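Trainee: no FASTA, just this:
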């Protein structure tokens with residue numbers, strides 16, 4: 001085990017000669033990430049060496065994202081929080097050692113980004129995966145704009161980025177989000193095998209069983225999604241495409257987009273296209289600037305979205321500013337894309 005002073009109620013560690021298991025331990029809030037929790041994970045990386053890193057969550061979730069409710073009322077905390085989060089994911093992603101995320105249950109936002117940084121990503125029949133940020137006046141971050149344009153379907157990636165739709169484990173596997181599919185009843189056995197193995201990939205291969213494609217949920221609409229979300233120049237054009245379709249899927253998707261924060265939709269479309277040609281590190285640098293701007297500087301929509309959806313738990317559309325896509329100007333989008341006043345993420349802040 002790790003030394004007592006390195007352990008925390010927030011993260012439970014188990015250490016073997018072959019691996020280090022880090023278990024996120026905030027089950028009442030679906031293992032939401034805090035600045036302190038992220039610092040404990042940095043400490044774990046500092047002593048990992050070349051062993052396998054195994055990440056999991058207690059309770060019914062892997063990790064449902066960052067503690068955005070706290071950030072909405074403490075905007076001054078955003079730069080330090082995102083620096084700790086983004087630099088952790090960058091460190092995991094670029095390390096040579098093998099890393100495994102066990103994506104049981106809710107895996108959303110920061111949790112989706114944390115798992116995406118790992119070399120192996122285990123999904124199960126209970127996996128519920130999403131980047132739901134546009135509904136809270138924010139945008140997908142934590143490397144989302146590196147991952148999503150590179151799925152087996154780029155159009156599906158854009159659809160997920162803008163609508164926040166939720167994937168199940170089978171969807172995740174066939175889109176390339178998950179690398180291995182393991183029945184949840186076998187997870188304990190998998191972990192026992194992984195923690196003492198010098199060949200984690202062999203263990204994962206042994207436990208993996210490809211799910212029946214009939215189990216997919218969102219992918220059942222793949223043809224419609226690809227027809228609509230391929231080569232989207234503007235959000236206005238996307239809305240027009242949906243208006244001219246007669247399917248029930250198009251009607252629901254249009255209603256979903258009209259519910260989301262208009263500024264978030266336009267900023268995310270720009271982020272998505274930029275991310276398609278950037279390296280993972282470049283994506284994180286850009287997303288960091290946007291995250292700080294939208295949660296700490298130009299943060300009216302973020303505060304409105306969090307208050308309406310997560311604090312008051314209202315189902316009505318938040319009072320976005322501007323209220324419609326047509327009112328969102330290029331100047332408004334540009335103001336969210338650059339964090340001129342800093343601090344900047346930068347490679348100098350990323351340590352091993």
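Mentor: Cool, got the structure. These figures come from a predicted structure and were not determined experimentally. Residues are numbered from 1 along each chain as shown.
Trainee: so residue 12, which of the three states?
Mentor: Counting by DSSP: H, G, I helix; E, B strand; the rest coil, the backbone at residue 12 sits in strand.
Trainee: residues touching it, list them.
Mentor: Residue 12 makes contact with 22-23, 25, 58, according to CB atoms under 8 Å, 6 or more residues apart in numbering. In this view, the C-beta of every residue, glycine as well, is placed from N, C-alpha and C.
Trainee: rerun at 10 Å
Mentor: Counting by CB atoms under 10 Å, 6 or more residues apart in numbering, residue 12 touches 1-2, 21-25, 40, 56, 58.
Trainee: That one pairs with what?
Mentor: residue 23 (DSSP bridges).
Trainee: would a markdown table of the contacts of residue 12 with neighbour count, pLDDT and distance to residue 148 be doable?
Mentor: A markdown table is the format used below for the contacts of residue 12 (neighbours: other CB atoms under 10 Å; pLDDT from 0 to 100; distance: CB to CB, whole Å):
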| residue | neighbour count | pLDDT | distance to residue 148 |
| --- | --- | --- | --- |
| 1 | 10 | 40 | 37 |
| 2 | 18 | 44 | 34 |
| 21 | 20 | 97 | 28 |
| 22 | 23 | 97 | 25 |
| 23 | 17 | 97 | 27 |
| 24 | 25 | 98 | 23 |
| 25 | 16 | 97 | 29 |
| 40 | 21 | 95 | 28 |
| 56 | 20 | 98 | 24 |
| 58 | 17 | 97 | 28 |
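Trainee: Give me the buried positions along the helix or strand hosting residue 282.
Mentor: Element membership for residue 282, per DSSP states H and E: helix 280-292. The neighbour-count check on helix 280-292 (16 or more other CB atoms under 10 Å) flags 280-281, 283-292 as buried.
Trainee: Looks like residue 128 contacts residue 63 (just checking).
Mentor: No - Residue 128 is not in contact with residue 63 according to CB atoms under 10 Å; the separation is 11.6 Å.
Trainee: the more surrounded of those two?
Mentor: residue 63 (28 against 20; other CB atoms under 10 Å).
Trainee: What is the neighbour count of the closest residue to residue 195 other than its chain neighbours?
Mentor: Nearest residue to residue 195 in three dimensions, chain neighbours excluded: residue 19, at 4.6 Å (CB to CB, 6 or more residues apart in numbering). As a burial measure, residue 19 scores 22 neighbours (other CB under 10 Å).
Trainee: Understood, closing this out.
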